[in-house]
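**Student:** after the sequence you'll find the predicted model.
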Amino acid sequence: MSGKTSITKEYTTEALFTAFAGLKVLVIGDVMIDSYLWGRVDRISPEAPVPILQVENRESRLGGAANVALNVQALGAIPYLCSVVGNDLDGNNFLSLLSQNNLPSEGIYQSSERITTIKHRIISGHHHMLRVDQETDQPLIKNDKKELLTKITTLLQTCDVIIFEDYDKGVIDEELIASVVKLANQKGIPTVVDPKKRNFLHYKNVTLFKPNRKEMKEGLKWDGSLSEDKDIEAAVDNLSALLNTKMILLTLSEKGVFIKKEREPACIIPAHIRKIADVSGAGDTVVSVAALCCALNLSPDKIAQLSNLAGGLVCEQVGVVPIDKNKLQSEATLIWTK
């Protein structure tokens, strides 16, 4: 585990957001297309007791690890996305979406052995009615993993921080994690993880590990509620010992976030009061902000504060959307100048 320096830095808010610009971020993980059907419901189907959605608009957006790349881009940094999609029409559509969003595609490998993940969401007004998933969660075959690792190794050489965005769809496995983390630590590049259940305990020796409460309980097989501060800290200490990680950032929904760095006191940042519209993609935003803060060697409390703010802001929007940099900077300025 290592960053490019062990010395934490302090920035003014303006200087911090300026420093985000130009950072190079390698995003490794499961990508997908988020498909939306928006409309209204006026009647029930005569064929079955289900509502009929009168479609008024449809949209396809980048999702999964690609939404992390969009958040990184929205903050002014440069994301390089590494993943595997299908060598199919949906895979081609995914590449088109990357192009439309001015994201580089050299880290994407199209495999004839996989399909492209799509999450179809059906929404009436502000009500999320149904989601239909098209996906495979099987591990990559040997050749696909080799091709992906080659792309990662090439792009890693000039990056400032690495994000593992794991959705348990098979792109990331224990071998890939170990290979990338070892190379990153040799080069002094911080590694930041947004985990899921399958690989939860495989992310050893990383810089920052960011589970939510549910992932923490499942990954550790923790019997406690994780509602009391002492229980949270005990679970975090247990996980830190298992993974030998430098820092753990635990998101706690309405309670806020908990962060603890090795050999330093823990810190809890309360959630801000928000009008929540949709929590989809909030974790993507949190890990994106945390990674950029790690690249700049910010203190744990600053990482937690800014990540917490960002996660709350995107929850005010319907659907999976990247963070608004100007809004985040404005709120951070208000908080840090009080």
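**Tutor:** Ah, there it is. Just so we're clear, the structure is a prediction, and the values are computed from it rather than from any experiment.
**Student:** going forward, measure contacts between C-alpha atoms and count neighbours the same way
**Tutor:** Will do.
**Student:** list the residues that contact Cys159.
**Tutor:** 23-26, 189 (C-alpha atoms under 8 Å, 6 or more residues apart in numbering).
**Student:** turn those residues into a markdown table, columns for secondary structure.
**Tutor:** Below are these laid out as a markdown table (DSSP: H, G, I helix; E, B strand; the rest coil):
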| residue | secondary structure |
| --- | --- |
| Leu23 | coil |
| Lys24 | strand |
| Val25 | strand |
| Leu26 | strand |
| Ile189 | coil |
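**Student:** buried among the residues you listed? Make that a ChimeraX selection.
**Tutor:** The following ChimeraX line selects those of the contacts of Cys159 that are buried, judged by 16 or more other C-alpha atoms under 10 Å:
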select :23,24,25,26,189
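**Student:** could you dump the contacts of Cys159 to CSV with pLDDT and distance to Thr117?
**Tutor:** Converted to CSV, the contacts of Cys159 look like this (pLDDT from 0 to 100; distance: C-alpha to C-alpha, whole Å):
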residue, pLDDT, distance to Thr117
Leu23, 97, 28
Lys24, 97, 26
Val25, 98, 23
Leu26, 98, 21
Ile189, 98, 29
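**Student:** ok, then the element right after the one helix or strand Ile232 maps to?
**Tutor:** Following DSSP states H and E, one finds Ile232 within helix 229-243. Sequence order places strand 247-251 as the next helix or strand after helix 229-243, per DSSP H and E.
**Student:** any idea of the mean pLDDT in that next one?
**Tutor:** For strand 247-251, mean pLDDT is 95.
**Student:** so which bits of the next helix or strand after that strand are buried?
**Tutor:** Going down the chain from strand 247-251, the next helix or strand is strand 257-261, by DSSP H and E. Using 16+ other C-alpha under 10 Å as the test for burial, strand 257-261 gives 257-261.
**Student:** ditto for stretch 153-164
**Tutor:** 155-156, 159-164.
**Student:** from those, which is closest to Leu242?
**Tutor:** Closest to Leu242 out of those is Phe164 (18.3 Å), distances taken as C-alpha to C-alpha.
**Student:** could you look up the SS state of Val287?
**Tutor:** Put simply, Val287 is helix when judged by three-state DSSP.
**Student:** show me what contacts the closest residue to it other than its chain neighbours?
**Tutor:** Once flanking residues are discounted, Val287 sits nearest to Asp194: 6.5 Å by C-alpha to C-alpha, 6 or more residues apart in numbering. Applying C-alpha under 8 Å, 6+ apart to Asp194 gives the contacts 163-166, 209-211, 283-284, 287.
**Student:** now for these, which sits with the most neighbours around it?
**Tutor:** Highest neighbour count within the contacts of Asp194, by other C-alpha atoms under 10 Å: Val287, with 30 neighbours.
**Student:** that residue is in contact with Ser307, isn't it?
**Tutor:** Yes. Val287 lies in contact with Ser307 (C-alpha atoms under 8 Å); the separation is 7.3 Å.
**Student:** count of neighbours near Tyr109?
**Tutor:** Tyr109 is flanked by 19 other residues according to other C-alpha under 10 Å.
**Student:** counting by contacts, list what the helix or strand that it is a member of packs against.
**Tutor:** Here Tyr109 sits within strand 108-111, counting by DSSP H and E. Applying 3 or more C-alpha pairs under 8 Å, 6 or more residues apart in numbering; DSSP states H and E, we find strand 108-111 packed against strand 78-86, helix 142-156.
**Student:** of those, flag the one that's most buried.
**Tutor:** Comparing the helices and strands packed on strand 108-111 on average neighbours per residue, with mean count of other C-alpha atoms under 10 Å, the densest one is strand 78-86 at a mean of 25.
**Student:** in the next helix or strand after that one, what's buried?
**Tutor:** The C-terminal neighbour of strand 78-86 among helices and strands, as given by DSSP H and E, is helix 89-100. Neighbour counts over helix 89-100 (16+ other C-alpha under 10 Å) mark 90-91, 94-95, 97-98 as buried.
**Student:** want to throw the residues you listed into CSV with distance to Gly39 and pLDDT?
**Tutor:** Formatted as CSV, the buried residues of helix 89-100 follow (distance: C-alpha to C-alpha, whole Å; pLDDT from 0 to 100):
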residue, distance to Gly39, pLDDT
Asp90, 23, 96
Gly91, 26, 97
Phe94, 24, 98
Leu95, 27, 98
Leu97, 23, 97
Leu98, 26, 98
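**Student:** all set now, cheers.
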